[in-house]
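Chemist: Dropping a prediction and its sequence here:
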Amino acid sequence: MQPPPDYEKMFHPQRIAILGVSPEGGNVGLANGLVLALQAMRYEGEISPVNPKGGTFAGLNILRKVEDIPGEIDFAVIAVAARLVPESLEACRKKGAAGTEILSSGFSELGTPEGISLEQEIREIASRGIRVIGPNCFGIYCPKSGLTFMPSPDLPRETGPVAFLSQSGGMASDFASIGKWMGLRFSKVVSFGNGADLRDVDFLQYLHDDPETRVIAMYVEGIKDGGSFFETIKSVAREKPVIVCKGGLSEAGQRAVVSHTASMGGSRVIWPAILRQVHAIQVQDMQEMAQASLAFSLLPERVYHGVSVIGGGGALGVAACDAAESFGIAIPSFSSDLKSRIETFLPKPGSSAANPVDVANPFVPPQILKEVLRHGAMDERIDLQIVISLLYHYKALARAMGKPVAAVTPYSELADVIADVTKETNKPIIVALPNSKRGLEDLDIVEMMERARKLLLEKGIPVFDEIKDAFRGIGHVNTYYGYRSTAHE
């Protein structure tokens, strides 16, 4: 019987062998790129490069054989020609590796007898005691241990509650990079490729019990055991949100899936129905997945029925109402008494204290927004508040004053105000930061907006680019916790 995976050694290895590293002056391939990425990530463990030619690379001596590595290893990375993978895997097994990621391609995804046979050899060796991620994958990004992907040497070492499982290596790397600027922090990210041994079901079961993971996102192209897959998601989703982006639902997409990871894609009719039954959250693309993950990771676990919206412009309120309704979220009108109290803080003319609150212009000081937010939270029907801040308008003010836009934009004070009100009222606040100025002449605005996003996120405040994105994220949270409350009842 195949042993259970030793995930501790796989995600937090102390000694890694990397097979396929070329010596200085040779071709810089996947293995060399990974060595450089691990060094850039400040991986603290021991790296042993392996290549029959020997030599050195990045300050490390290259050993000619796996057998030459002193002592045992915890984990191995294999990036050699496909025909050499089985013997390399066997050598790593004999060296004591608990697991390996096989970056090499040229297996069942080709659909050739040779590729299929090589992948079967991988499964046979894995059954003798070494667990395999891949082949045809990018492997593991684990901030806590410093493991990362070859194309991603600049990902954060800061850990967080979101895990991501992906059949696609490119999607795994891209999602981790999106998360870096959007405010997601990860517990583990795994690209498992063809999944010859370990695949989606195995990692779902592990993440279900992983105390570092609260939210699980997945990019799925196809599955090999439908019954096991959906039963596992159903079990996991009882405890943790599972967000699924299904690739290959179109006819052309299904053909692409087969050539990418040798998986069967499935129907665009069947998938949404089954995901609803197992209470998983389906999203359409990676941006929506990142937005949903952000909402789940930063919002308290509950359903948000009523929302207040504060922004500088009547059209913003109209857009907010339309978006809220499309996701089943109410924007209740404030009582006449509450409106009267809020009106005392608003500039005149052009403002409105109804919900949505129109503060008339984008230059209203954060201290006034603070009072509006404090009073809006007094309405018992309000579970969450949204601030739409048009910070990009400060460019005109900065130009008139002859100062840099960052020097005149009160984004730091805004972040402090929102954090204070959230703590005082115990009601979460989301910030939408739309920006219509993104040309080369407005890079100073882009930089200032990203500084604002960073400050807000550091205070635990979710930030979205557009109001519709914010409501869609809330809608996903409501859907999941609505499922949960019904199931518990």
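Modeler: Structure's in. What do you need? Numbers count the residues shown, from 1 in each chain.

Chemist: which stretches of the stretch 101-250 of the chain form strands?
Modeler: Counting by DSSP state E, counting those that start in this stretch, one finds strands in the stretch 101-250 of the chain at the ranges 131-133, 139-141, 162-166, 186-191, 215-220, 242-246.

Chemist: Could you export these as TSV, including mean neighbour count and mean pLDDT?
Modeler: In this view, the C-beta of every residue, glycine as well, is placed from N, C-alpha and C. Formatted as TSV, those follow (neighbours: other CB atoms under 10 Å; pLDDT from 0 to 100):
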stretch	mean neighbour count	mean pLDDT
strand 131-133	27	98
strand 139-141	26	97
strand 162-166	27	98
strand 186-191	26	98
strand 215-220	25	97
strand 242-246	24	96
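
Chemist: could you dump those to JSON lines with distance to Ala319?
Modeler: Listed next are these as JSON lines, based on distance: least, CB to CB, whole Å:
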{"stretch": "strand 131-133", "distance to Ala319": "44"}
{"stretch": "strand 139-141", "distance to Ala319": "36"}
{"stretch": "strand 162-166", "distance to Ala319": "28"}
{"stretch": "strand 186-191", "distance to Ala319": "32"}
{"stretch": "strand 215-220", "distance to Ala319": "27"}
{"stretch": "strand 242-246", "distance to Ala319": "25"}
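
Chemist: if we compare the ones you listed, which one ends up closest to Lys94?
Modeler: strand 131-133 (14.8 Å; CB to CB).

Chemist: Which residues does the closest one contact?
Modeler: 3, 5-6, 10, 89, 98-102, 122, 125-126, 139-140, 190-193, 196-198 (CB atoms under 8 Å, 6 or more residues apart in numbering).

Chemist: how does it look with 7 Å?
Modeler: With CB atoms under 7 Å, 6 or more residues apart in numbering as the test, strand 131-133 has contacts from 5, 10, 98-102, 122, 126, 139-140, 190, 192, 196-198.

Chemist: Compare the strands of the stretch 101-250 of the chain and report which one is nearest to Phe75.
Modeler: Each of these has some distance to Phe75 by CB to CB; the shortest is strand 139-141, at 8.6 Å.

Chemist: So, low pLDDT: which residues of the stretch 1-150 of the chain?
Modeler: Along the stretch 1-150 of the chain, the parts satisfying pLDDT under 70 run over 1.

Chemist: What residue spans form the domains of this protein?
Modeler: 1-135, 137-298, 301-488 (automatic domain parsing).

Chemist: quick one: the closest residue to Gln14 other than its chain neighbours from Leu147, how far?
Modeler: Closest residue to Gln14 apart from its sequence neighbours, by CB to CB, 6 or more residues apart in numbering: Gly45 at 4.7 Å. Gly45 is 9 Å from Leu147, where distance means CB to CB, to the nearest Å.

Chemist: ok, now Gly111?
Modeler: From Gly111 across to Leu147, the span is 31 Å (CB to CB).

Chemist: The two: who's more crowded?
Modeler: Neighbours were counted for Gly111 and for Leu147 using other CB atoms under 10 Å; Leu147 has more, 26 against 11.

Chemist: I'd say the more buried one and Leu155 touch.
Modeler: No: contact status for Leu147 versus Leu155: not in contact, 10.0 Å apart, counting by CB atoms under 7 Å.

Chemist: ok, residues contacting stretch 81-101?
Modeler: For stretch 81-101, the external contacting residues (CB under 7 Å, 6+ apart) are 5-6, 9-10, 17, 19, 66-67, 69, 72-78, 80, 102, 104, 106-107, 118, 121-122, 125, 128-135, 137, 139-140.

Chemist: Kindly export it (C-alpha atoms) in CSV.
Modeler: Extracted in CSV, the C-alpha atoms of stretch 81-101 (Å, rounded to 0.1, in the frame of the first residue of the first chain):
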residue,chain,number,x,y,z
ALA,A,81,14.4,15.3,-20.2
ALA,A,82,11.2,13.2,-20.0
ARG,A,83,13.1,9.9,-20.8
LEU,A,84,15.4,10.5,-17.8
VAL,A,85,12.6,11.2,-15.3
PRO,A,86,11.9,7.6,-14.1
GLU,A,87,15.5,6.8,-13.2
SER,A,88,15.9,10.2,-11.6
LEU,A,89,12.7,9.7,-9.6
GLU,A,90,13.9,6.2,-8.4
ALA,A,91,17.2,7.7,-7.3
CYS,A,92,15.4,10.3,-5.3
ARG,A,93,13.2,7.7,-3.7
LYS,A,94,16.3,5.7,-2.6
LYS,A,95,17.8,8.9,-1.2
GLY,A,96,14.9,9.1,1.2
ALA,A,97,12.9,12.0,-0.4
ALA,A,98,9.3,12.2,0.9
GLY,A,99,8.2,13.8,-2.3
THR,A,100,9.2,15.4,-5.6
GLU,A,101,7.9,17.9,-8.1
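
Chemist: Now do the buried residues in that stretch.
Modeler: By neighbour count on 16 or more other CB atoms under 10 Å, the buried set for stretch 81-101 is 82, 85-86, 88-93, 95-101.
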